[in-house]
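Asks: fold the following.
(one chain, ligands or ions: 1)
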Amino acid sequence: MQTQIKICGLKDEHTVDAAAKSGATHIGLNLYEPSPRSVPLEQAAALRMRAPAGVKVVLLLVNAEPGFTAKAIEVVKPDIVQFHGSETHQYLRVLKSAVDIEIWKAFGVKDAATLKNADQYEGAADLILFDAPAQALPGGTGTRFDWSLLNQHKHKLPWGLAGGLNPDNVGEALRQTRAILVDTSSGVESAPGIKDMDKIAAFCQAVRNHDNS
Ligand SMILES: O=C(O)c1ccccc1N[C@@H]1O[C@H](COP(=O)(O)O)[C@@H](O)[C@H]1O
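Replies: Numbering: from 1, shown residues only. So this is what the prediction gives:
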């Protein structure tokens with residue numbers, strides 16, 4: 001089975017096109033203003049329209065107000081919303097019953113307790129995204145966590161891997177974790193917030209090389 005590939009933090013149509021052409025299955029649009037990868041709502045809506053059929057659009061929010069969340073979903077019409085803050089399973093369960101799109105919840109993995117906490121999101125999220133712990137930003141840190149923790153846990157939900165993935169390490173990450181989805185942002189950039197088309201292509205190729213090995 002092909003690994004799903006999410007390229008996150010796209011800000012313009014050229015990088016959306018490059019990600020799609022390279023074989024990304026998902027693109028991420030970031031509405032978290034403090035991030036160098038954030039885009040205004042209107043730009044996210046325009047980029048959503050640019051994504052070709054077959055490429056799923058993931059809207060990234062961090063502790064957004066419920067009113068803004070509802071507006072963002074209405075304006076952008078994403079396939080998926082990725083919550084990357086401290087959103088509770090109770091909140092996401094209510095939201096999930098009200099919308100007809102996938103809900104993803106990201107966690108910064110410190111230790112085994114993080115993975116147990118993620119299990120509580122059964123029925124509240126469709127997929128868990130395991131990322132490195134927050135630093136100045138809650139994500140997009142370019143750092144990894146201890147992948148071996150993932151193999152020591154009996155997961156209750158489908159999960160994907162994020163955090164410090166790049167073209168050079170994603171093959172090894174997949175060998176070690178057998179993740180069904182990999183997600184990268186800073187690992188395919190030349191500077192914070194500036195995507196590098198060659199790195200996007202190399203990342204996708206490395207994933208496909210793994211899939212075909
Ligand atoms: O990318 C960001 O700036 C960001 C900001 C706030 C929350 C999440 C963010 N990105 C997500 O974090 C993962 C890991 O990033 P990286 O590959 O380590 O740079 C990324 O894929 C996004 O889903």
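Asks: roughly how far apart are the residue nearest the centre of the chain and the ligand?
Replies: Residue closest to the mean C-alpha point of the chain, counted by C-alpha atoms, centre = their mean, is Asp183 at 5.0 Å. Between Asp183 and the ligand the computed distance is 4 Å (C-beta to the nearest ligand atom, to the nearest Å). C-beta here means a position set from N, CA and C on the backbone, and glycine is covered the same way.
Asks: if that residue is in a bridge, with which residues?
Replies: For Asp183, the beta-bridge partners are Lys6, Ala162 (DSSP bridges).
Asks: report pLDDT for it.
Replies: Here, the pLDDT recorded for Asp183 equals 98.
Asks: for the nearest residue to Leu29 once chain neighbours are set aside, helix, strand, or coil?
Replies: Closest residue to Leu29 apart from its sequence neighbours, by C-beta to C-beta, 6 or more residues apart in numbering: Ala44 at 4.4 Å. At Ala44 the chain is in helix, as set by DSSP: H, G, I helix; E, B strand; the rest coil.
Asks: how many other residues sit next to Ala44?
Replies: Using other C-beta atoms under 10 Å, the number of residues around Ala44 comes to 23.
Asks: just list the residues touching the residue nearest to the centre of the chain, thanks.
Replies: 6, 8, 26, 28, 129, 131, 160-162, 165 (C-beta atoms under 8 Å, 6 or more residues apart in numbering).
Asks: please identify the buried residues of the top helix by length along the chain?
Replies: In terms of residue count, the longest helix belonging to the chain (DSSP state H) is helix 197-211. For helix 197-211, the neighbour count (16 or more other C-beta atoms under 10 Å) marks 197, 199-204, 206-208, 210 as buried.
Asks: re earlier: against Tyr91, how distant is the residue nearest to the centre of the chain?
Replies: Asp183 sits 22 Å away from Tyr91, going by C-beta to C-beta, to the nearest Å.
Asks: swap in Thr3?
Replies: Counting by C-beta to C-beta, the gap from Thr3 to Tyr91 is 30 Å.
Asks: please apply the same query to Lys116.
Replies: In terms of C-beta to C-beta, Lys116 sits 19 Å off from Tyr91.
Asks: ok, now Asn63?
Replies: The gap separating Asn63 from Tyr91 is 10 Å, by C-beta to C-beta.
Asks: and for Gln152?
Replies: From Gln152 to Tyr91 the distance is 29 Å (C-beta to C-beta).
Asks: settle it for me: which of these two has more neighbours?
Replies: Tyr91 (14 against 9).
Asks: did I read that right, that one in a strand?
Replies: No. Using three-state DSSP, the assignment for Tyr91 is helix, not a strand.
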